[in-house]
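please find the sequence and the predicted model below.
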Amino acid sequence: MIRIAVCDDEVIFVRCLRDMVEALFEKQGMEFQCFVYTSAPELIRAHRKEEFQLLFLDIDMPEMSGMELAAEIRAMNSAAALIFVSSHSDFVFESFQFQPFRFLRKEWLAEELPDAVKAYCENYAKSGQTARLVLDDKRIVTKKLVEVVYFFSIRHHIYLVTLEETAELSAREYTLEKLEEQFSRSGFLRIHKSYLLNYRYVYHIGNDTVELTPHRLKKLPLSHRRSAAVRKRYQNFMRGEDDT
C-alpha cells in the first residue's frame, strides 16, 4: 500500500491534482491511499503519525512554503519521494537540495504527471528486489537492495553497509567489480575504486565527496575521473531512467 499526500493551498487545484494522481495510479494497477492537505502544518502532523511514501508539494503556500515543508520532512529522516508542483520553474534548482523525485510545472501538468507517476511506480517495484549474499563466515543472508547503503573494499576485504550493520562478505565470492556488474542496473553507482553506493542514499554530490542521507554527516570519496559519469547516472536514476 502506497500512502500518497497531495498538498496545495488552492482547494480546487489540489482536488483536481488528487483526481489525476488517483487515476494514474489506478492505471498502473497499484494499491494506494491518497490524502489531500491544504496547509503544510496539517501535512506535517499527519506525516509524523504515519509516514507517506510519496508527497506532491506546492512550493508557493502561506504559513510555510513547499521548500520549508520539504526541509521538515527530510529532518524526520524520511526517505519519502518528493514531487514539487509549481508555476515558478525558477525554483527547480533550489529544490535540488531536497532530492526531489520530480519537479512538475502546473501549466504542463497533464503532460508531465503521467511520466512522473509511471517512473515512481517502476522505482517502487524495483524497491522490492532482494539479493542473496555470502558472508565471510560462509553464512548466506538475504537483503533488500533498498536497505543496502553501500559496498566498500579495503585491500582484498569486501564489506556490506546497511542502515543497521556492517558485515564482511566472502572474498572468494566477490570483488567490487563483480558487485558493480551485479547491481549497477538496480541503482548502485561506482563513485570510487573502493566504493559502490546506492543512489537512494545520495544527499549531495560535491567536488570530491558524496554526502549521504539520512546520516548527512557521513561522506564518501568521489573519484575525479568518475565524477561526470556518477552525476549523469544519478540524474537518470532520479528520473526513473536506465542508461546501462
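Cool, got the structure. Being a predicted model, the structure only gives us computed values, none of them experimental.

what about Gln28, neighbour count?
15 (other CB atoms under 10 Å). Heads up, the C-betas are built off the backbone N, CA and C, glycines and all.

sec struct for Phe103, please.
strand (DSSP: H, G, I helix; E, B strand; the rest coil).

correct me, but it touches Ser86?
Yes: at 7.3 Å, Phe103 counts as touching Ser86 under the criterion of CB atoms under 8 Å.

against which helices or strands is the helix or strand harbouring Ile12 packed?
Element membership of Ile12, judged by DSSP states H and E, is helix 11-27. Judged by 3 or more CB pairs under 8 Å, 6 or more residues apart in numbering; DSSP states H and E, helix 11-27 is in contact with strand 2-7, strand 32-37, strand 54-58, helix 109-126.

relative to strand 2-7, how tilted is the longest one?
Just to be clear, that refers to helix 109-126. On the basis of axes from the mean of the first three to the mean of the last three CA atoms, to 10 degrees, helix 109-126 is oriented at 150 degrees to strand 2-7.

can you name the element that comes right after helix 109-126?
Downstream of helix 109-126 (by DSSP H and E), the next one is strand 130-134.

list the buried residues for that following strand?
Buried positions in strand 130-134, judged by neighbour count with 16 or more other CB atoms under 10 Å: Leu133.

let me see the mean pLDDT of it.
Averaging pLDDT along strand 130-134 gives 89.

just checking: what are the partner strands of that strand?
strand 140-144 (antiparallel) (DSSP bridges).

contacts for the strand it pairs with, please.
Residues outside strand 140-144 that contact it (CB atoms under 8 Å, 6 or more residues apart in numbering): Ser127, Gly128, Gln129, Thr130, Ala131, Arg132, Leu133, Val134, Leu135, Leu160, Thr162, Ala167.

so who does the fifth one touch?
Ala131 makes contact with Thr142, Lys143, Leu145, Val148, Gln182, Phe183, according to CB under 8 Å, 6+ apart.

so how far is Val230 from the fifth one?
Noted for Gln182: a distance of 18 Å to Val230, by CB to CB, to the nearest Å.

compare those two (neighbour count), which wins?
The neighbour count for Gln182 versus Val230, taken as other CB under 10 Å, is higher for Val230 (20 against 14).

does that one count as helix, strand or coil?
Per three-state DSSP, Val230 ends up helix.

surely it touches Asn207?
No: Val230 sits out of contact with Asn207 when judged by CB under 8 Å, with a separation of 11.9 Å.

list the residues that contact both of those two?
Leu222.

can you report how many residues lie near Leu113?
Every residue meeting other CB under 10 Å relative to Leu113 is counted, giving 20.

and the one 4 residues further on, by the same measure?
Summarising burial for Val117: neighbours were counted as other CB under 10 Å, giving 22.

ok, the residue lying closest to it once chain neighbours are set aside - contacts?
In this structure, Val117 finds its nearest non-sequential neighbour in Leu24, 4.2 Å apart by CB to CB, 6 or more residues apart in numbering. Residues counted as contacts of Leu24 (CB under 8 Å, 6+ apart) are Leu113, Pro114, Val117, Lys118.

now tabulate the residues you listed in JSON lines and tack on pLDDT and distance to Arg15.
As requested, the contacts of Leu24 are exported to JSON lines (pLDDT from 0 to 100; distance: CB to CB, whole Å):
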{"residue": "Leu113", "pLDDT": "95", "distance to Arg15": "15"}
{"residue": "Pro114", "pLDDT": "95", "distance to Arg15": "19"}
{"residue": "Val117", "pLDDT": "94", "distance to Arg15": "17"}
{"residue": "Lys118", "pLDDT": "92", "distance to Arg15": "22"}
